[in-house]
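J.: Below: sequence and its predicted model.
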Amino acid sequence: MPMPSFDALIIGAGPNGLAAAHRLQSAGRKVLLLEAGVPGGGAAACVPLAEGFAPQPLAHLSLNLDPRVAHGVELARHGLRWAAPDLATTALSPTGGHLRLDGPAGAALQGAVSEADRAAWAALRARLMRFAAVLTPLRQMPPPRLARGAGNPMLKLAMVGLKARMMGKAEFRELLRMFLTNVHDALNDELTDPLLKGALAFDATLGTWLAPRSPNSLLLWLDRLSGGVGGVQGAIGLPAGGMGALASTMVAAVQAKGVSLRSNARVARVLVEGDRAAGVVLDSGEEIRAPLVVSSLSPKATLLGLVGSRHLDAGLITRARHLKARGGAAKLHLALRGLPDFRGADPKTRLVIAPSEEAVERAFNPVKYGQVPEAPVMEIILPSAFEPGHAPAGQHVLSAIVQYAPHAPKDPEVARAVLLEASLRQLEAHAPGLRSLILKADMLMPYDIEARWGLPGGNWHGGELSVEQMLFLRPLPGLAQYATPVEGLWLASVGCHPGGGISGSAGWNAAGAIMGVGK
Ligand SMILES: Cc1cc2nc3c(=O)[nH]c(=O)nc-3n(C[C@H](O)[C@H](O)[C@H](O)COP(=O)(O)OP(=O)(O)OC[C@H]3O[C@@H](n4cnc5c(N)ncnc54)[C@H](O)[C@@H]3O)c2cc1C
């Protein structure tokens, strides 16, 4: 039977591929989505854990689901519900003196913190949220070109600048200072409580190749706070059924829109004829033709792996090779025979082990040299404490993002074992007896993540999110508007503006750019 013809091929069914597919199909294009594995939502899709336990996703919480995607794809109509739409955080103390941060970005602080720190955090939080809100519109537009030209969203950028300036001279000056400062200085200028500073420093640097003292790290904190869930800035959500349910809801919505999906269809290369994309060739050798090809694989993987030096100029190939993509986050899954007790902490909160801001910095130091930290910091959730279905009755799942992990250690097997042991030691110190509950432990290192999901270096953002790889410099100058020098080939991944998370923003923006429309 002859293959039906398609207007557009999308490579990769992660959140960005799905968002791009939905938007293009809604605009009347006939779209085929090609996924190397099972189209389950990329890194929100699940990997098996243990017999009787639900498979677990790499990305375990919703941090910055793009409201345009949530509404456009009609996730609620397709069944998305929340187990916790605005999750509280517990900053764990090994002695039980925990702090609890409720509300978006820790609006309400409970625990033994001085009045001075309490007031200082309220003021700092308000300022950070105000500054982060200035960045929010930037997530929802392609970065402006430095060159002049029709359709350039430079005017929108000017509006963002104007809004920032309208905060008043002193605030505007403070905003500029904050853009250039680091998390360590910002925290230590204002706060004294080690546990509070530890939890904040952990959040500020989560998923980046930066630690609190790294230059410009505060900008990444603002970037994180510019996102949110359900239209609430700074909120973190846990979908009912976990992130895997969010992923499968997205897949169902895309299918309902009429997008064709193919599983086990690994794209080996983009077919280029003259200087135009003409389709793709699968691993199996099968050729699929279409005039539009949209890659939701990282720019590095797309340009170097799928297109290659035959079709791109040497300068671009060199710049793509130099794109920085070091992943520093590992993922730990534990199948447990019972609920661990983190010294009385509420298991229906996000649990953070980061005893001080310095502890976060110290966990980063060895990783720079390919080594494993002795005392990793981590974010833990117990999805089975929120709702049944994740584990057999009475048993539990622990899901943790462990920072930092080396992306290219000398001996990957040894590094995995050493980081697992260090993480279990940390967990045991905070929840005595936890080790005896373990039925199965899985540690996914950055190189495992690269192999399984194709994120280069296992990096959260498919390419580091850092000042020199942001906005119109992301992924590279000249490629920031999602188009490539190969006509008909577009980039739509997390490696593009605005970067990472299960947001769908880059895919949505890219589809808009392809159709020549904005938001
Ligand atoms: C340890 C870790 C924890 C994280 N936790 C969170 C979290 O809690 N919350 C959050 O919001 N974000 C989290 N992230 C970030 C998030 O997972 C990514 O930013 C996001 O998945 C990127 O979306 P994407 O659609 O661009 O790519 P992906 O989700 O990586 O999807 C790409 C898809 O392409 C497919 N593919 C790869 N190669 C090919 C090929 N050759 N042909 C066809 N298909 C192919 C892959 O199988 C995959 O399905 C985490 C990242 C890491 C590393």
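T.: Done, it's in.

J.: pLDDT of stretch 381-394, averaged?
T.: Here stretch 381-394 scores 97 as its mean pLDDT.

J.: quick one: buried residues of it?
T.: By neighbour count on 16 or more other C-beta atoms under 10 Å, the buried set for stretch 381-394 is Ile381, Leu382, Pro383, Ser384, Ala385, Phe386, His390, Ala391, Pro392. In this view, the C-beta of every residue, glycine as well, is placed from N, C-alpha and C.

J.: does the residue lying closest to the second one once chain neighbours are set aside count as helix, strand or coil?
T.: Read it as Leu382. Closest residue to Leu382 apart from its sequence neighbours, by C-beta to C-beta, 6 or more residues apart in numbering: Pro347 at 4.9 Å. The three-state assignment at Pro347 reads coil, by DSSP: H, G, I helix; E, B strand; the rest coil.

J.: pLDDT wise, what is Pro347 at?
T.: On the pLDDT scale, Pro347 gets 98.

J.: same check, this time on Ala43
T.: 71.

J.: for Arg148, same thing?
T.: Confidence for Arg148, expressed as pLDDT, is 61.

J.: Ok, Leu18 next?
T.: At Leu18, the pLDDT value in this model is 97.

J.: Can you tell me how far it is from the ligand?
T.: Distance of Leu18 to the ligand, given as C-beta to the nearest ligand atom, to the nearest Å: 7 Å.

J.: Surely that residue touches Val251?
T.: Yes - Leu18 is within contact range of Val251, at 6.6 Å (criterion: C-beta atoms under 8 Å).

J.: ok, those two, which is more surrounded?
T.: Leu18 (32 against 24; other C-beta atoms under 10 Å).

J.: which other residues reach the longest helix seen in the chain?
T.: Ranked by residue count under DSSP state H, the longest helix found in the chain is helix 115-139. Here helix 115-139 makes contact (C-beta atoms under 8 Å, 6 or more residues apart in numbering) with 64, 66, 104-107, 109, 113, 156-157, 159-160, 163-164, 167, 171, 174-175, 178, 186, 190-193, 196, 221-227, 233-234, 471, 498, 503, 505.

J.: number of nearby residues for Asp86?
T.: 18.

J.: Next step: the contacts of helix 115-139 restricted to strands.
T.: Leu109, Gln233 (DSSP state E).

J.: buried subset of the contacts of helix 115-139?
T.: Among those, those buried by neighbour count (16+ other C-beta under 10 Å) are 64, 66, 104-107, 109, 113, 156-157, 160, 164, 174-175, 178, 186, 190-191, 193, 196, 221-227, 233-234, 471, 498, 503, 505.

J.: taking the residues you listed one by one, which sit in helices?
T.: 156-157, 160, 164, 174-175, 178, 186, 190, 196, 221-225, 505.

J.: how far out from the middle of the chain is the helix or strand bottoming out on mean pLDDT in the chain?
T.: Every helix and strand in the chain was compared by mean pLDDT, DSSP states H and E; the lowest is helix 154-165, with a mean of 72. Helix 154-165 sits 26 Å away from the centroid of its parent chain (C-alpha atoms, centre = their mean, to the nearest Å).

J.: same deal with stretch 47-60?
T.: For stretch 47-60, the distance to the chain centre is 19 Å (C-alpha atoms, centre = their mean).

J.: Would you mind measuring the gap between the ends of it?
T.: Using C-alpha to C-alpha, to the nearest Å, one end of stretch 47-60 lies 12 Å from the other.

J.: Flag every buried residue along that stretch.
T.: Neighbour-count burial for stretch 47-60 [16+ other C-beta under 10 Å]: Val47, Leu49, Ala50, Phe53, Ala54, Pro55, Gln56, Pro57, Leu58, Ala59, His60.

J.: Sort those by pLDDT and name the bottom one.
T.: For the buried residues of stretch 47-60, the pLDDT minimum is Val47, 85.

J.: Next up, the contacts around that residue.
T.: Neighbouring residues of Val47 by C-beta under 8 Å, 6+ apart: Pro55, Gln56, Pro57, Leu58, His333, Asp442, Leu444, Arg452.

J.: Report the beta-bridge partners for it.
T.: Gln56 (DSSP bridges).
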